[in-house]
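> Using only what follows, build the 3D model:
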Amino acid sequence: MTEAELKDFLDQKVVQYNTLDFIESDPVQIPHLFTQKEDIEIAGFLSATIAWGNRKMIIKNSHKMMDLMGNSPYDFVLSHSDSHLEPLDSFVHRTFNGQDFKAFIKGLQHVYKHHGGLENVFAKHQETTSVQKSIHEFKKIFFEVNQPQRSQKHISDPFNNSAAKRINMYLRWMCRQDNKGVDLGIWKSISPSKLSCPLDVHSGNVARKLGLLNRKQNDGKALNELDTQLRLLDPKDPVKYDFALFGLGVFEAF
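Numbers count the residues shown, from 1 in each chain. So this is what the prediction gives:
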């Protein structure tokens, strides 16, 4: 395919998959449960954090997280007492357990009480063409409070050559305004042009077959390579192609 043919093909796939039907099988449905900005961004952050493995289990356990917070995540984060945290001990999703859940609640409280909230932290450290430094700085701030060492592995750091798939997906949810009702686009202070594609096994394999990616590992260097190619296809909204790459991989076994 020529570059023009590839762009046309991927643009068609974006239209095919960036629809409301996408929500019912994707954890993006969790932040869609809420209307208050802080509820949306906290629900999105927690559900994105556990977004690996079986998608049905991700969605089921994300709902359980919301239930354990009384379906009022922002109020729970700000106002919880130690007794409110005790039921969280029962939570488990793969290697993310109740101890991690409690650590994340405390980290979120620290972000909202002392750093102006999630959007403020990410926006403050953005660069001209990237939010990867934002992710690095966010992780440092999030774990400023005394947290178990084991919990820190659940937020990836691009500065350690991680593709940081889940948190890049979260930023797509928060910052990208797709006018299709999938991505929420409630953060106006970060341009979608700076976002990075959530690179995983599905999108990575499809990208390689299409000639968008040569590196074999799905790491930070591969993400930079893929981002460079996607920005050539659409400088203003490069991560829209996540729908195309993911859809081709998961739903079409491309």
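
> From here on, just use CA atoms for contacts and neighbour counts.
Noted.

> Next up, phi/psi of N97, please.
Main-chain torsions, N97, degrees, to the nearest 10: phi -120, psi -170.

> I'd guessed it sits against F91; true?
Yes - between N97 and F91 there is a contact at 5.6 Å, judged by CA atoms under 8 Å.

> okay, D26: pLDDT?
Looking at D26, its pLDDT stands at 95.

> Use 13 as the first number from now on
With the count now opening at 13, the last piece we talked about shows up as D38.

> Quick check, it in contact with M69.
No - using CA under 8 Å, D38 is not in contact with M69; the gap is 10.7 Å.

> Tell me how far the host helix or strand of A234 lies from the chain's centre.
Using DSSP states H and E, A234 sits within helix 232-245. In terms of CA atoms, centre = their mean, to the nearest Å, the centre of helix 232-245 is found 17 Å from the chain centre.

> which of the residues in that helix are buried?
Neighbour counts over helix 232-245 (16 or more other CA atoms under 10 Å) mark 232, 234-236, 238-243, 245 as buried.

> and the gap between the closest residue to I179 other than its chain neighbours and D231?
Once flanking residues are discounted, I179 sits nearest to A60: 6.7 Å by CA to CA, 6 or more residues apart in numbering. Going from A60 to D231 by CA to CA, to the nearest Å gives 18 Å.

> Give me the more crowded residue out of those two.
Using other CA atoms under 10 Å, the more surrounded residue of A60 and D231 is A60, with 25 against 19.

> And the pLDDT for the more buried one?
At A60, pLDDT is 98.

> Would you mind giving both backbone torsions of it?
phi -70, psi -30.

> Test my guess that it contacts N180.
No - between A60 and N180 there is no contact under CA under 8 Å: 9.2 Å.

> would you list every one of the strands in the stretch 63-212 of the chain?
Using DSSP state E, counting those that start in this stretch, the strands of the stretch 63-212 of the chain run over residues 104-105, 108-109.

> How are the helices of the chain distributed by residue range?
In the chain, the helices defined using DSSP state H lie at 15-29, 49-61, 67-80, 85-91, 94-97, 110-126, 130-136, 144-154, 177-187, 213-221, 232-245, 253-262.

> Need the residues that contact the worst-scoring helix or strand of the chain on mean pLDDT.
In the chain, the helix or strand scored least confidently by mean pLDDT, DSSP states H and E is helix 94-97, which has a mean of 91. Residues outside helix 94-97 that contact it (CA atoms under 8 Å, 6 or more residues apart in numbering): K114.

> tell me which residues of that helix are tucked away?
L97.

> go on, stretch 71-91?
Quick answer for stretch 71-91 (16+ other CA under 10 Å): 71, 73-78, 80-81, 83-86, 88-89.

> Kindly report the same for stretch 207-222.
Result for stretch 207-222 [16+ other CA under 10 Å]: buried residues 207-212, 214-219.

> Touching it from outside, list them.
Residues from elsewhere that reach stretch 207-222 (CA under 8 Å, 6+ apart): 18, 142-143, 175-181, 183-184, 225-226, 230, 235, 238-239, 250-251, 253-254, 257-258, 260-262, 266.

> Quick one: end-to-end length of that stretch, please.
21 Å.

> centre of the chain versus that stretch, how much separation?
15 Å.

> Pick out the residue closest to the middle of this protein.
Y182 (2.2 Å; CA atoms, centre = their mean).

> which residues touch the closest residue in space to it that isn't next to it in sequence?
Nearest non-adjacent residue to Y182, counting by CA to CA, 6+ apart: A60, 5.9 Å away. Going by CA under 8 Å, 6+ apart, A60 touches 39, 178-179, 181-182.

> same deal with I71?
I71 neighbours (CA under 8 Å, 6+ apart): 38-39, 42, 59.

> Which ChimeraX command selects the buried ones in these?
Entered in ChimeraX, the line below selects the buried ones among those, by 16+ other CA under 10 Å:
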select :39,42,59
